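# Predicted structure and sequence below. I'll ask about it afterward.
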Amino acid sequence: MILLSFTSGEIGKRKDQINPILSTIIDNNKIPGIVAAISSSKGLLFSSASGIRRFNNPDPMKTDDLVHLGSCTKAMTSTLLAILITEGKLNWESTLIEALPELKDLIHPNYELATLRKLVTHRSGMPANANNWWDHSDERDIKVRRLKILKDSLATEPATKVGDYLYSNLGYMVAGCMAEKVTGKSWETLIQEKLFQPLGMNTASFGPPGTPGQSDQPWGHLESDIGWEASQLDNSEPLGPAGRVHCSLADWAKFLALQLPNSNPIIQNQQQLDQLIEPVGNYAAGWGVYQDNRVKGTVLTHDGSNTMWYARVWVAPNIDRAYMVVMNAAFKNNNKSATICEQVINELIKIDQEQ
């Protein structure tokens, strides 16, 4: 049984069920903190938090804290691109050279016909990452800096055959460059204006959450030989379109609702919404696409990590649900972080389906 909404009593019951599970995960794995939530097309249904914001600091993790989404940003970038497509500024078959003709003869010719669709489905042939994400750090204009990194990284032959799958953060940055060129605005400005503000995602921003040096928001944590090291570092700014968004769980739920029935249609063109979740293999535009009987069919899922945070989301359109979990830490072994998050998602589904 799936309830369309929870009464206050049902929320309390579910918190009573998930809270000890989160506490046990923290105790067993010695992680600082974790948050989890269930949402629907109407918004957040309930959320839970356990642990602390910062290792060796007593401030507790809270359900309205801001969390780093890592590569779960990719679905947001793809949605931004769909909005630009509905405005006639791009289309899914737009090539890199069509958007940026000045790159002709500056990048390897095999990249010239890489389309927007191939970029967001990781089939452009581009390597996983830039040659050096931290290059050109003296360049104040982020749009110019991204273009310089693009030119440096695409001068040599593709990492794999165009059309074959290779997960690529660089590809998402390049897609961001295409959006920047056709609009004249940075990816950061575009996604705020066209996605976050229309959805009322007031907490959404970029980089590590919180005030530098303070514990007003959770810190990320790196696993080291001596334990967890709290950190407010993040990926390089040019990587933004691939993985630098942070926000609250409630605001994340507003974005996830775009792929749930009866949600706020900031994209009026249903065909464009459908294109975002049309997979090539098992990967669509920022979403892994799978089938699971527990949620009556299609699951849209993604993990995200900047090596200091770890997030996982499941969106189940057929039952009007999204399930979220974020740890403010990431193990060196990504599989360990993924296993913990998978355990929480499984528990959320189980609790959600109980009468």
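Cool, got the structure.
# any idea of the mean pLDDT for the helix or strand where I345 lies?
According to DSSP states H and E, I345 maps onto helix 334-353. For helix 334-353, the mean pLDDT works out to 96.
# Check stretch 239-248 too.
Rounded mean pLDDT across stretch 239-248 is 99.
# Please apply the same query to stretch 24-32.
The model assigns stretch 24-32 a mean pLDDT of 97.
# From the rest of the structure, what touches it?
Stretch 24-32 is contacted by residues 33-34, 50-55, 61, 218, 221, 227-228, 230, 327-329, 336, 340, 343-344 when judged by C-beta atoms under 8 Å, 6 or more residues apart in numbering. Using the backbone N, CA and C atoms, a C-beta is placed for each residue, glycine as well.
# Equivalent analysis for stretch 88-107, please.
By C-beta under 8 Å, 6+ apart, stretch 88-107 touches 81, 84-85, 111-117, 119, 147, 150-151, 154-155, 174, 177-179, 181-183, 275.
# Mind doing that once more with 10 Å?
81-85, 109, 111-121, 124, 126, 147, 150-156, 174-175, 177-183, 272, 275, 278, 285 (C-beta atoms under 10 Å, 6 or more residues apart in numbering).
# If you average the pLDDT over that stretch, what comes out?
Averaging pLDDT along stretch 88-107 gives 96.
# What residues of it count as buried?
89-90, 92, 94-100, 103, 107 (16 or more other C-beta atoms under 10 Å).
# Mind putting those into TSV with secondary structure and distance to F196?
Shown next, in TSV, are those (DSSP: H, G, I helix; E, B strand; the rest coil; distance: C-beta to C-beta, whole Å):
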residue	secondary structure	distance to F196
K89	coil	19
L90	coil	19
W92	coil	23
S94	coil	24
T95	strand	28
L96	helix	26
I97	helix	30
E98	helix	28
A99	helix	23
L100	coil	25
L103	helix	29
I107	coil	31
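# mind listing the helices for the stretch 151-300 of the chain?
Secondary structure of the stretch 151-300 of the chain (DSSP state H, counting those that start in this stretch): helices located at 169-183, 187-191, 197-199, 240-243, 249-256, 270-276.
# and the helix holding I345, which residues are buried?
For helix 334-353, by 16+ other C-beta under 10 Å, it's 337-338, 340-342, 344-345, 347-349, 351-352.
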